[in-house]
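Student: the sequence and its predicted three-dimensional model are supplied below.
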Amino acid sequence: MRETLSDHIMLSNIPYQDLTLGQTVSIERVVTQREIILFAETSGDLNPIHLDSEYAANTVFGQPIAHGMLCGAFISTAIAMHLPGQGSVYRSQSMKFTQPVFVNDRLTITLTVTEKKDKLKLVKLACSVSNQNQKVVAKGEASVIASEKTLMMAAAKLPEITIK
């Protein structure tokens, strides 16, 4: 069996009581054609603007663009893996897409704690996704219920996925 990235990842979290207003985390992702294809398969969104180079060449973008919600998925990853991390429950997300995202764009996903509601252990996060040119491509706000406990566990092992 082939070794995967998830074989060596230990996951942790930041419990609610340790989160502070203004606390920020940023992660980077490079958008790949593979991710766009997998997202199309998973979501069922087969719009040719994402998958057909000839079609996309005749649009205002001149080339295929990533699905907007792929940025949403990257925000979800930042929440689940970093801030607040494991044990959190993603309650809501507002998002505005401001620029197209292309294959090989290097995205920086930034989350910032803007509000805490003690009764529900609810955290509001400002969410921003910027490309390698520091242009904001998506922005919004997420609401997350954070865990009250410190958690540490190994990442789930994913099966090998082949695209032909």
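Tutor: Sure thing, it's come through. Residues are numbered from 1 along each chain as shown.
Student: list the contacts for the residue nearest to Val113 when sequence neighbours are not counted?
Tutor: Spatial nearest neighbour of Val113, chain neighbours left out: Gln23 (4.5 Å); criterion: CB to CB, 6 or more residues apart in numbering. Using the backbone N, CA and C atoms, a C-beta is placed for each residue, glycine as well. Gln23 sits next to 14, 83, 112-113 when contact means CB atoms under 8 Å, 6 or more residues apart in numbering.
Student: and those, which two are the farthest apart?
Tutor: The span of the contacts of Gln23, defined through CB to CB, is set by Ile14 and Thr112 at 13.2 Å.
Student: which one's more surrounded, those two?
Tutor: Ile14 (23 against 17; other CB atoms under 10 Å).
Student: phi first, then psi, for the nearest residue to the more buried one once chain neighbours are set aside.
Tutor: What sits nearest to Ile14 in space, not counting adjacent residues and going by CB to CB, 6+ apart, is Pro84, at 4.9 Å. The phi/psi pair for Pro84 (degrees, to the nearest 10) reads phi -80, psi -10.
Student: before I go, just wanted to say thanks for your time.
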